[in-house]
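>>> Okay, predicted coordinates and the sequence, questions at the end:
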Amino acid sequence: MKRFALAMVLLFSAGCSVHRPEAVEPAIDIPHAYLENSDTVARQSLQPWWFVFNDSTLNRLMDQAFGANLELDQAIARWQRAEAAVRSVTSGRRPTLSLEAQGGRQRRASFPGPVTDDYYSLSVAAGFEIDLWGKLASRVEAARLEREAAAADVDVLYLALSARLADLYYTAVEQRAQQVLLEQTIASYIDILERVERRYRAGIVPALDVYQARQNLAAARARLPQVASRLAASEHGVAVLLGRYPERGKAGQLTVLPTLEKSYPPGLPSQLLNTRPDVKAALLRVKAADKRVAAAIADRFPGFNLIGGYGGSADAPRRIFDSPNVFWNLLLSITQPVLDGGRRRAEVSRQRTVFQELLAAYQERVLEAFREVEDALAAERASRERIRQLEARRESTAAALRLATDQYLLGVSEYLQVLTAQVLHLETESSLLAARRQIIADRISLGRALGGRWMMRQRRQRGRFADDLPREDVSHEE
């Protein structure tokens, strides 16, 4: 018995590693600064990226979306499913205990003849798998990593949702600004048309000038329905993100696009690996795959199980645990796979290929993350230059329109010059609004590309992620 107890102690205390964890590194050497930004100062990412717009209406819409968006509810349900999987796998490392009771009347053969009597039994059975090779521990760790990856997926959705909402919100603002521009332009065209008609009635100008003025006015009016349609689509999109039926009026009434005078500091490229939740999720899934490889390898080694039972049986319930009727057993079961058709070996190979696939996906995700930041920085730089050029062009088209109108009313030039100046000025004003909207879109893309840590607070506020918060930071060093 002493030898048996000593063997049990050794089995419980031993831990033989059958798999060395693989090192997971990005596929590139991370630079010290971005190509489009030479700043090497670390960026604080605790504040939400859209705070740079200083828009209380947008802030309110974000809060509403984070509390009512249906995609977020789906992501949270997936996290809860991953949490349940952790509890399910963890239970495999704990002892099992079952209670079995029987009672009845039976007829059996005996030497004197058939005998009919009562039979009662009550027993307790216990079992425990000794995780000598770390198979169960690896499975539990894989499930925990998958749970943390599911939490990172929620962060990804928070980030994507904030970008989509801001994009739709400022699209609606731009369309209202385009609407105001068209209404002002139409009013100006009407004024010019009335002057042309008076000059026509006075016999100063031909009828062609009247038709051209009406043509320009009709063209401007024809653009209004397109703007109204895009405005409606944007407001419908905002309503759906808020978990509502498509409706109007949820995107506020702002008609002026904000001016972005300062560049958004992207910080250091090395920060990106810890601020991008999609990169973190990819890394976590690589590590989970590595744990599943370890579990598959351990499954090829002998399995050790402790099995115990205690109970009794008698012809009356009160006599079940009388001394002669009690039975018990304690067994150590050792199982060594011998022939399985190569199934376990194939499973190890399969898990290794899954690991390699996820590792390549993680490394690609890292490259894509850096590309998205560089693209957003380059796009914002180009948009700033475009705005500068369009502002210069607007000054020229406005001056040309004033001069052409004055010369026409003085009878110095033809109406065609006024017509051309009107079209060019309207197109320039509209393009300038679109360019200002584009630089906001570039800033939104940059905010999404840089990620951040503000999503952690959103998850805390929902109160459903307390278990995974201590493991929030994922190190990229093995």
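Cool, got the structure.

>>> packing partners for the host helix or strand of Arg195?
In the assignment (DSSP states H and E), Arg195 maps to helix 135-201. Contacts defined by 3 or more CB pairs under 8 Å, 6 or more residues apart in numbering; DSSP states H and E place helix 135-201 against helix 56-68, helix 70-90, helix 207-241, helix 277-298, helix 343-409, helix 415-450, helix 454-462. The way it works is simple: take the backbone N, C-alpha and C, and place the C-beta from them, glycine included.

>>> Give me the outermost residue of this protein relative to its centroid.
Pro112 (78.3 Å; CA atoms, centre = their mean).

>>> before we move on, the earlier item: of the helices and strands packed on helix 135-201, flag the one that's most buried.
helix 277-298 (a mean of 24; mean count of other CB atoms under 10 Å).

>>> Check which helices and strands the helix or strand following that one is in contact with.
Once the chain leaves helix 277-298, the next helix or strand it forms, by DSSP H and E, is strand 303-314. Judged by 3+ CB pairs under 8 Å, 6+ apart, strand 303-314 is in contact with strand 115-130, strand 326-335.

>>> quick one, what contacts His450?
One thing to correct before we go on: residue 450 is Leu, not His. Arg43, Ser45, Trp49, Tyr264, Pro266, Gly267, Leu272, Thr275, Arg276, Val373 (CB atoms under 8 Å, 6 or more residues apart in numbering).

>>> Same question for Val348.
Contacts of Val348 by CB under 8 Å, 6+ apart are Val293, Ala296, Ile297, Arg300.

>>> want to throw the residues you listed into a markdown table with pLDDT?
Shown next, in a markdown table, are those (pLDDT from 0 to 100):
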| residue | pLDDT |
| --- | --- |
| Val293 | 94 |
| Ala296 | 92 |
| Ile297 | 91 |
| Arg300 | 90 |
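
>>> Looking at those, which is nearest Ala382?
Ranked by distance to Ala382 (CB to CB), those are led by Val293 at 45.7 Å.

>>> Surely the closest one touches Arg350?
No. The pair Val293 and Arg350 does not pass the contact test of CB atoms under 8 Å, sitting 9.5 Å apart.

>>> thinking again about what came up before, CSV for the contacts of Val348, including distance to Pro258?
Shown next, in CSV, are these (distance: CB to CB, whole Å):
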residue, distance to Pro258
Val293, 51
Ala296, 55
Ile297, 57
Arg300, 62
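
>>> ok, so of the residues you listed, who is nearest Val18?
Ile297 (5.0 Å).

>>> Touching, the closest one and Val18? I think so.
Yes. Counting by CB under 8 Å, Ile297 touches Val18, with 5.0 Å between them.

>>> Torsion angles phi and psi at Leu132?
Per-residue torsions, Leu132: phi -70, psi -40 (degrees, to the nearest 10).

>>> Equivalent analysis for Asp131, please.
Per degrees, to the nearest 10, the backbone of Asp131 is at phi -90, psi 70.

>>> remind me which residues of the chain are low pLDDT?
1-17, 27, 38-46, 113, 460, 463-478 (pLDDT under 70).

>>> Walk me through the domains of it.
18-94+132-301+342-471, 96-130+305-335 (automatic domain parsing).

>>> For Ile297 and Val18, list the residues in contact with both.
Contacts common to Ile297 and Val18, judged by CB under 8 Å, 6+ apart, are Trp133.

>>> any idea how far Asp290 is from the residue nearest in space to the middle of the chain?
Here the mean C-alpha position of the chain is nearest to the C-alpha of Val156 (CA atoms, centre = their mean), at a distance of 2.1 Å. Computed as CB to CB, to the nearest Å, the Val156 to Asp290 distance reads 22 Å.

>>> cool, Arg381 as well?
Taking CB to CB, one finds Arg381 at 40 Å from Asp290.

>>> And Val338, by the same measure?
From Val338 to Asp290 the distance is 28 Å (CB to CB).

>>> got it, and Val205?
Taken as CB to CB, the span from Val205 to Asp290 is 82 Å.

>>> Over to Glu372?
27 Å.

>>> ok, now Arg164?
34 Å.

>>> now do Thr185
Taking CB to CB, one finds Thr185 at 63 Å from Asp290.

>>> contacting residues for Thr90?
Val140, Ala143.

>>> scratch that, Arg345 is what I was asking about
Arg300.

>>> ditto for Ser98
Ser98 neighbours (CB under 8 Å, 6+ apart): Val124, Ala125, Ala126.

>>> Please identify the deepest-packed of the helices and strands packed on strand 303-314.
Scoring the helices and strands packed on strand 303-314 by mean count of other CB under 10 Å, the most buried comes out as strand 115-130, with a mean of 15.

>>> what about Ala382, distance to Phe53?
From Ala382 over to Phe53 (counting by CB to CB), the distance is 20 Å.

>>> should've said Pro246
For Pro246 relative to Phe53 (CB to CB), the value is 24 Å.

>>> out of the two, which sits in the busier spot?
It is Phe53, of Pro246 and Phe53, that has more neighbours when counted by other CB atoms under 10 Å, with 20 against 13.

>>> The more buried one and Val256 touch, don't they?
No. Using CB under 8 Å, Phe53 makes no contact with Val256, being 12.0 Å away.

>>> Understood, closing this out.
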